[in-house]
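A.B. asks: need the 3D shape of this:
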Amino acid sequence: MPAVSKGDGMRGLAVFISDIRNCKSKEAEIKRINKELANIRSKFKGDKALDGYSKKKYVCKLLFIFLLGHDIDFGHMEAVNLLSSNRYTEKQIGYLFISVLVNSNSELIRLINNAIKNDLASRNPTFMGLALHCIANVGSREMAEAFAGEIPKILVAGDTMDSAKQSAALCLLRLYRTSPHLVPTGDWASRVVHLLNDQHLGVVTAATSLITTLAQKNPEEFKTSVSLAVSRLSRIVTSASTDLQDYTYYFVPAPWLSVKLLRLLQCYPPPEDPAVRGRLTECLETILNKAQEPPKSKKVQHSNAKNAVLFEAISLIIHHDSEPNLLVRACNQLGQFLQHRETNLRYLALESMCTLASSEFSHEAVKTHIETVITALKTERDVSVRQRAVDLLYAMCDRSNAQQIVAEMLSYLETADYSIREEIVLKVAILAEKYAVDYTWYVDTILNLIRIAGDYVSEEVWYRVIQIVINRDDVQGYAAKTVFESLQAPACHENLVKVGGYILGEFGNLIAGDPRSSPLVQFNLLHSKFHLCSVPTRALLLSTYIKFVNLFPEVKSTIQDVLRSDSQLRNADAELQQRAVEYLRLSTVASTDILATVLEEMPPFPERESSILAKLKKKKGPGTVMGLEEGKRERGPDVNGGPEPAPASATSTPSPSADLLGLGAVPPAPAGPPPSGGLLVDVFSDSPSAVAPLAPGSEDNFARFVCKNNGVLFENQLLQIGLKSEFRQNLGRMFIFYGNKTSTQFLNFTPTLICSDDLQANILDLSLQTKPVDPTVDGGAQVQQVVNIECVSDFTEAPVLNIQFRYGGTFQNVSVKLPITLNKFFQPTEMASQDFFQRWKQLSSPQQEVQNIFKAKHPMDTEITKAKIIGFGSALLEEVDPNPANFVGAGIIHTRTTQIGCLLRLEPNLQAQMYRLTLRTSKETVSQRLCALLSEQF
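C.D. replies: Here you go, the predicted model:
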């Protein structure tokens, strides 16, 4: 920056500021300001032309007055005039005034833009820097429209000074963040990536920030930045602090640039090139090694910079989730921070370990720190650190330590901060349910939970207890006995009364043989709590009483007297009054058989996702550490007490990104012989003779699911098969519902996934993992099976689902095609018209394009066509094609190994009732498959 001469001191401004500071009251300040404003206005309107120094001084005073909170309604033109000055200080004040005071809708914006264009074209780096700073500070839509095309040229021009390149990169980043649609990535995109090799580290730092933001929106265009970022990071990490003297901060070489490069690498999967991947691994190992070295300075700035790079490196290791050695080393390093005296380090270590706990490679290493985390939970002063400790205990929990962790959480709950009690309650309820081997322990845990923190036990928690007790015959008697004993406490929470009322109403007969819990004792115990409860709980207890009438005829008269009392029949609450009247009448008029039918035991609840888990997800929100629980490997049985899953084999490592949909939840089936129950383990059957041919209409049903994910896949007089599926990037989860439409049990019910010869030959193209189902399906019942899917690379054939079972002694064999198609792994991509056709031209080789002209099979309805294209998975791009009747779409097919950009164009001809479908992708087989699938939909 040019030096300021002595004449630029602006003594008049200094005197004015001093006067303002010396004012004794607000009124005196306003009086002095009004006097100065009048003086400035007279100077601006006077006949005598002001020189540049005077304009600058008065504009500065106006700016100072504005910053004091007063409105300024003049002086804007004088500030614009300063932009044309050749003196740095005058131009600087003009730009400063405009950045702060000029509205984007101002009439002066055109004059300002012209002045900025002149400075950008001057090639004077100082003036260019002022202009770029002004554009970034204003950052309006008008600025983006005017300069979005100019700034990239400055950025990639060979003769631009380094300081101007820095400003241009950051200015472009600002415009992209405020108006991304106005900053198209054109030819300059590939050239800006090479700025990572620039000799000036300031330029590299600014360019890295820009590329990171652009890569998040268009990863494919900036994929080449990975190797360059790794190369630059390697040079920084392996350099001594003296090598980068200008960019070394307290003995840490270029910490800000290192962090930015590590963040950029987190936009992409691990590098495919072995050399680049090896070099990156070396960098990460070096960073971890440096963390173990003695500090080179005792100052906090040194440790802050060093740890910033370390934590970002650990974030990258977690993101890649592919190097077991690095993950374990990262975990051990974080474990050392758990007892660090610095609170922020303890917090960050706990937070990072929550993420590490979701990786199969590092889960066991995280578990070794359980005692340290429990100690932190008990002794930590900072509530936010205690909350992260709770999160980590939840994340590291599995069958081996569930009882210890739940006990510690319950112990902490008694003294926990009120702000996090509800969250702890939800977590305890989820863990107790998920890892309960003995369901008596589950019942004890939940009742203890209600006793300790009843006010924070939501309806979802006690609803879930009821569901599990009703669904499990082996725990019903114990649950009835336990709640009966808990209700005998002098003071018990209302939620416990609800649970007790429901369970005793259903299963009180199981403990009625003991004189200490006879029917009358049960009734008196519940009724003693009646007057203390709210209206909804009283309504539940009235329902329990009428259940007792059916279960225990000997207390019928006692219950009728209660229902007949004025406090019930004339209750002010309409709901309670109606229940009392109807239950009394039912107990009086109905025969024993009718009562037994109307008040029979509740049937088992259908199994579905725990509502407690859904509430916890909603409470924590997306993108938090709790969302990673979806991606944890299944380390215990499900709520129905299914078998312990076998450990995953070394040849079936799940994708690093499997946490997106929780697809790490089920390990692959073991390679040993199938169990006697005939559950699904033979995913790729070697006995095709035992498989029935595809059921009639299977192909038509399959085609209907190409553009939708939910519905009925197959149905006959015995069996109904329904599907519900969700896909994200290269991962998917499919829920298959098997419904028994008859009143007779299905025995030896065995669903098996069978892949065609083509898919078997390329077994790594599609990874399927399944959960077993119960071999017995009762009449009228429905069972659910989960299939976790990963697209490893593009594929053509879909797997076949074969179901075999015995019905009434007759063997049944059904096969249907499972709608797992390549388009399910589509992620829609929004593109502007210019970007679309530019990319369209790039994919112009014959191998990349597939075209099909075909007759319309269905009515040519515009809205239905739009819905099908969106359902197919691509983004429907409006106002892109010059012909408004055409439909264009864009998206990316995600596989584990690569991402394939796809563009489609559908041209309908209403007169001829025909379509022309054109698909262009970077891979011929993908174009062919997508074209074949989509052509069948119209």
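A.B. asks: quick one: low-confidence residue ranges for the stretch 1-150 of the chain.
C.D. replies: 1-9, 47, 104-106 (pLDDT under 70).
A.B. asks: how does it look with 80?
C.D. replies: 1-10, 46-49, 102-109, 123 (pLDDT under 80).
A.B. asks: residue boundaries of the helices in it?
C.D. replies: Per DSSP state H, counting those that start in this stretch, the stretch 1-150 of the chain carries helices over the ranges 11-21, 26-45, 52-67, 76-82, 88-101, 109-121, 125-138, 141-147, 150-156.
A.B. asks: my guess is residue 141 contacts residue 183. True?
C.D. replies: No - judged on C-beta atoms under 8 Å, residue 141 makes no contact with residue 183 at a distance of 11.3 Å. The way it works is simple: take the backbone N, C-alpha and C, and place the C-beta from them, glycine included.
A.B. asks: which one's more surrounded, those two?
C.D. replies: residue 183 (21 against 13; other C-beta atoms under 10 Å).
A.B. asks: these two touch, right, the more buried one and residue 171?
C.D. replies: No - between residue 183 and residue 171 there is no contact under C-beta under 8 Å: 10.6 Å.
A.B. asks: for stretch 560-571, what is the average pLDDT?
C.D. replies: Mean pLDDT, computed over stretch 560-571, is 86.
A.B. asks: and stretch 884-893, what's buried?
C.D. replies: Of all the residues in stretch 884-893, those buried under the rule 16 or more other C-beta atoms under 10 Å are 887-893.
A.B. asks: what do you get for stretch 440-448?
C.D. replies: 441-448.
A.B. asks: redo the residues you listed as JSON lines? Include secondary structure and distance to residue 879.
C.D. replies: What follows is those, written out as JSON lines (DSSP: H, G, I helix; E, B strand; the rest coil; distance: C-beta to C-beta, whole Å):
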{"residue": "441", "secondary structure": "helix", "distance to residue 879": "61"}
{"residue": "442", "secondary structure": "helix", "distance to residue 879": "57"}
{"residue": "443", "secondary structure": "helix", "distance to residue 879": "61"}
{"residue": "444", "secondary structure": "helix", "distance to residue 879": "63"}
{"residue": "445", "secondary structure": "helix", "distance to residue 879": "58"}
{"residue": "446", "secondary structure": "helix", "distance to residue 879": "56"}
{"residue": "447", "secondary structure": "helix", "distance to residue 879": "61"}
{"residue": "448", "secondary structure": "helix", "distance to residue 879": "61"}
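A.B. asks: residue 236: which of these is nearest?
C.D. replies: residue 445 (51.1 Å; C-beta to C-beta).
A.B. asks: out of everything not next to it in sequence, what's closest to the closest one?
C.D. replies: residue 432 (4.2 Å; C-beta to C-beta, 6 or more residues apart in numbering).
A.B. asks: just give me the neighbour total for that neighbour.
C.D. replies: 28.
A.B. asks: also the one 4 residues further on?
C.D. replies: As a burial measure, the neighbour count of residue 436 was computed by other C-beta under 10 Å and equals 25.
A.B. asks: I figured it was touching residue 444, is that so?
C.D. replies: No - Residue 436 lies out of contact with residue 444 (C-beta under 8 Å); the separation is 10.2 Å.
A.B. asks: tell me the domain ranges of the protein?
C.D. replies: What the TED database lists as the domains of the chain is 8-101, 321-396, 518-600, 698-820, 823-936.
A.B. asks: please identify the deepest-packed of those domains.
C.D. replies: domain 321-396 (a mean of 20; mean count of other C-beta atoms under 10 Å).
A.B. asks: and that one, average pLDDT?
C.D. replies: 89.
A.B. asks: what does stretch 224-244 give?
C.D. replies: Stretch 224-244 comes out at a mean pLDDT of 85.
A.B. asks: need the residues that contact that stretch.
C.D. replies: 190, 193-194, 196-197, 201, 204, 208, 211, 215, 248, 251-254, 257-258, 261-262, 264-265, 268, 271, 273, 276, 279-280, 282-283, 286-287, 296 (C-beta atoms under 8 Å, 6 or more residues apart in numbering).
A.B. asks: just the buried residues of these.
C.D. replies: 193, 196, 201, 204, 208, 211, 215, 248, 251-254, 257-258, 261-262, 264-265, 268, 271, 276, 279-280, 283, 287.
A.B. asks: next step: these restricted to strands.
C.D. replies: The members of the buried ones among the contacts of stretch 224-244 that map onto strands under DSSP state E are 248, 252-253.
A.B. asks: closest to residue 509 among those residues?
C.D. replies: residue 252 (72.2 Å).
A.B. asks: who are the contact partners of that closest one?
C.D. replies: 241, 302, 305-306, 309.
A.B. asks: ok, and the most crowded of these?
C.D. replies: residue 309 (25 neighbours).
A.B. asks: that residue touches residue 258, doesn't it?
C.D. replies: Yes - counting by C-beta under 8 Å, residue 309 touches residue 258, with 4.7 Å between them.
A.B. asks: and the nearest residue in space to residue 259 that is not next to it in sequence, what element?
C.D. replies: Of all residues not flanking residue 259 in the chain, residue 312 sits nearest, at 4.7 Å (C-beta to C-beta, 6+ apart). If you go by DSSP states H and E, residue 312 is part of helix 300-320.
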